[in-house]
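[1] next comes the sequence, and after it the predicted model I'd like to discuss.
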Amino acid sequence: MKNELKGLGKIFAFTFERQVKSTGYLVGTIVFALLCFLLPAGIMAAVEYFGGDSDSAVETAAVSPVQTVYVADETDGAADWNLLTQAGSETFGGISYVTCGSLEEADAQAGQEEHSLILLLEEAKKTAQENALSQASNGSQNGYQMHLLLPDNTSLSEGDAGDLESFLQANFQIILLQKSGIDPAAAAELLVPATTEVTTVGEEALSETEAALESMREVLGMLLPYLNIMILYFLVLFYGQGVANNVIMEKTSKLMDTFLVAVKPTAMVFGKVLAVTAASMLQFVIVAASLIGGFAAGSALVRMINPDSDMLLLLFFDSLSEFQGVLTVPGILLAVVMMVSGFFLYCSLSAIGGSAAGKPEDLSSTNVVFTTVLIVSFLAALYAGGIGSMDSGAFAKWLDFVPFTSILVTPSRIMLGEVSLGMGFVSLLLVLIVSVLCLLLAGKVYRMMALYKGNPPTPAKLMKMLKEK
């Protein structure tokens, strides 16, 4: 094995240097980093600067244009309609109610103002059959009918009157309590809302802090698996093809024979995969750091524009400190290493496809195993309860020990403390072992396919060739 890896360091250094110094790599890194920094900062600042007065505009538009309501109450019982201003509505809280002796008096007074309405309250008219039923049930109340009338010279619309009518109907109980003879002060007390809270009593009752942490853990349990899969799939789909292209490069440039004289195929495959993985992770870290810096700069700009801003992103960033009781530094570090090892595992699979291909056009067929494993592992994790339902009891424990599924679900479980650090290290070790085995297999395939001519073999034929050799 030692001889097989001879020259690995030189291959790694050469490939890594060529990757990071290439024009495409440098330009892509700079462009993506600048975009990830400038876009969040610019968008957040622009939204706050140009939309800073939106809240006040909404509040102004929410206030009803009705200023005075002249009430013509033709029913029994007196009521102070101005108690409606205490109903807790900011929209209709500034309306003044004036009680008039008749509808004609209310019409005469309302005609002198442009922002007034007439409220006519009368007993509901019932049919003879309904009156008979009411008397049979010893009921004397015929009900009420409420009419909102627009004066002749009003500037209000039917929509303004309709909005007020909905408010009056929702709070008409305030008027009914007064008409029943209850003191207005007592009526206001009867309308005070009661709040309820459901808690668990006993020895296992959770404190307020523990309940908040449990709620945050449930939210993270839903979000982290999808975030983990999204990052891993982005890395695999964006950089996976580059690994195969690097492995096949010497075949297309006719330098394969020269390389194989000085370096073993296994060492070459190991060096190339490690170098491309390292260069890819370096680029990803730079872009991710720029994105974080962009949001930090955007938050600072928003605070400069409006120190009292209630932008949702700022509220979310301020709440991140509350997750300290849920996430631990060792768990986060182990989860990050687990994700990197998962990317390395799929790069190792991609190296097998590159070793089996004779030219770049063949990669679409030789990487069938790579794409199949990618899809099957996601579906297996999804249907075995590893994504979004880890707290429901449906989670399959074997997902943590199958490398191709553990890299999808185990990092988030490690961060949430659902998997111990010891079990996390076991899962990480299994991923690394399978990655090394895939690279060893890629080295054997590379040597076997060195002089192969013709169309690339199918996976079944490739396995048969390996057994025969």
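    Looks like it came in fine. Numbers count the residues shown, from 1 in each chain.
[2] torsion angles phi and psi at Ser96?
    Backbone geometry at Ser96, expressed as degrees, to the nearest 10, gives phi -100, psi 130.
[3] heads up, I number from 419, so please use that
    Sure, I'll start counting at 419 from here, so that last one is Ser514.
[4] that one against Asn500, yeah?
    Yes - distance between Ser514 and Asn500: 7.1 Å, which falls inside the contact criterion (C-beta atoms under 8 Å). Bear in mind the C-beta positions are built from the backbone N, C-alpha and C, glycine included.
[5] strands of the stretch 469-618 of the chain, start to end?
    With DSSP state E, counting those that start in this stretch applied, the stretch 469-618 of the chain shows strands at 486-491, 514-518, 534-541, 562-567, listed in chain order.
[6] dump those strands to CSV, plus distance to Leu709 and mean pLDDT.
    What follows is those, written out as CSV (distance: least, C-beta to C-beta, whole Å; pLDDT from 0 to 100):
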stretch, distance to Leu709, mean pLDDT
strand 486-491, 55, 91
strand 514-518, 54, 90
strand 534-541, 55, 89
strand 562-567, 55, 87
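[7] Serialize these to CSV and add fields for mean neighbour count.
    CSV is the format used below for the strands of the stretch 469-618 of the chain (neighbours: other C-beta atoms under 10 Å):
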stretch, mean neighbour count
strand 486-491, 21
strand 514-518, 16
strand 534-541, 20
strand 562-567, 15
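[8] can you redo those as a markdown table with distance to Val863?
    As requested, the strands of the stretch 469-618 of the chain are exported to a markdown table (distance: least, C-beta to C-beta, whole Å):
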| stretch | distance to Val863 |
| --- | --- |
| strand 486-491 | 86 |
| strand 514-518 | 87 |
| strand 534-541 | 85 |
| strand 562-567 | 83 |
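[9] which residues does Cys760 contact?
    Careful, residue 760 is Gly; it's not Cys. Residues near Gly760 by C-beta atoms under 8 Å, 6 or more residues apart in numbering: 650, 825-826, 829, 849.
[10] now with 7 Å, please.
    When the contact criterion is C-beta atoms under 7 Å, 6 or more residues apart in numbering, the partners of Gly760 are 650, 825, 849.
[11] among the residues you listed, which has the minimum pLDDT value?
    The lowest pLDDT within these belongs to Leu650, with 82.
[12] ok, that residue touching Phe761?
    Yes - the pair formed by Leu650 and Phe761 meets the contact definition of C-beta atoms under 7 Å, at 6.4 Å.
[13] output the lowest mean pLDDT helix or strand found in this protein.
    None of the helices or strands of the chain scores lower by mean pLDDT, DSSP states H and E than helix 472-480, at a mean of 48.
[14] which stretches of the stretch 469-618 of the chain have low pLDDT?
    Within the stretch 469-618 of the chain, the stretches falling below the threshold (pLDDT under 70) are 470-479, 543-560, 601-618.
[15] all helices for it, in order.
    472-480, 521-528, 546-554, 576-588, 590-597, 602-608 (DSSP state H, counting those that start in this stretch).
[16] centre of the chain to the strand or helix carrying Tyr764, how far?
    Secondary structure here is read from DSSP states H and E; on that basis Tyr764 sits in helix 747-774. Computed by C-alpha atoms, centre = their mean, to the nearest Å, the separation of helix 747-774 from the middle of its chain amounts to 25 Å.
[17] repeat that for stretch 722-737.
    For stretch 722-737, the distance from its own C-alpha centre to the chain's C-alpha centre is 18 Å (C-alpha atoms, centre = their mean).
[18] what is the mean pLDDT for that stretch?
    Across stretch 722-737, pLDDT averages out at 81.
[19] measure that stretch end to end?
    According to C-alpha to C-alpha, to the nearest Å, stretch 722-737 extends 20 Å from its N-terminal end residue to its C-terminal end residue.
[20] so which bits of that stretch are buried?
    By neighbour count, with 16 or more other C-beta atoms under 10 Å as the criterion, the buried positions of stretch 722-737 are 727, 729, 731-732.
[21] mind picking the two most distant members of those?
    Taking C-beta to C-beta as the measure, these reach their widest spread between Ser727 and Leu731, a distance of 9.7 Å.
[22] just the closest of the buried residues of stretch 722-737 to Phe788, please.
    The shortest gap between Phe788 and any of those belongs to Leu731, at 36.9 Å (C-beta to C-beta).
[23] residue contacts, the closest one?
    Taking C-beta under 7 Å, 6+ apart as the contact definition, Leu731 lies against Met462.
[24] that one sits in which helix or strand?
    helix 730-737.
[25] do Arg721 as well
    With secondary structure defined by DSSP H and E, Arg721 is part of helix 683-723.
[26] that helix - contacts with which helices or strands?
    The elements that helix 683-723 packs onto, with contact taken as 3 or more C-beta pairs under 7 Å, 6 or more residues apart in numbering; DSSP states H and E, are helix 426-439, helix 441-468, helix 626-670, helix 730-737, helix 747-774, helix 839-866.
[27] please identify the most buried of those.
    Most buried of the helices and strands packed on helix 683-723 by mean neighbour count (mean count of other C-beta atoms under 10 Å) is helix 747-774; its value is a mean of 22.
[28] so for it, mean pLDDT?
    Rounded to a whole number, the mean pLDDT of helix 747-774 is 87.
[29] any idea how this structure splits into domains?
    426-470+627-886, 482-608 (automatic domain parsing).
[30] before we move on, back to that, relative to helix 683-723, how tilted is the helix holding Tyr764?
    Interaxial angle of helix 747-774 relative to helix 683-723 (axes from the mean of the first three to the mean of the last three C-alpha atoms, to 10 degrees): 130 degrees.
[31] coming back round to it: looking at the contacts of Gly760, which is nearest Leu453?
    Distance ranking of the contacts of Gly760 against Leu453, using C-beta to C-beta, places Leu650 first at 21.8 Å.
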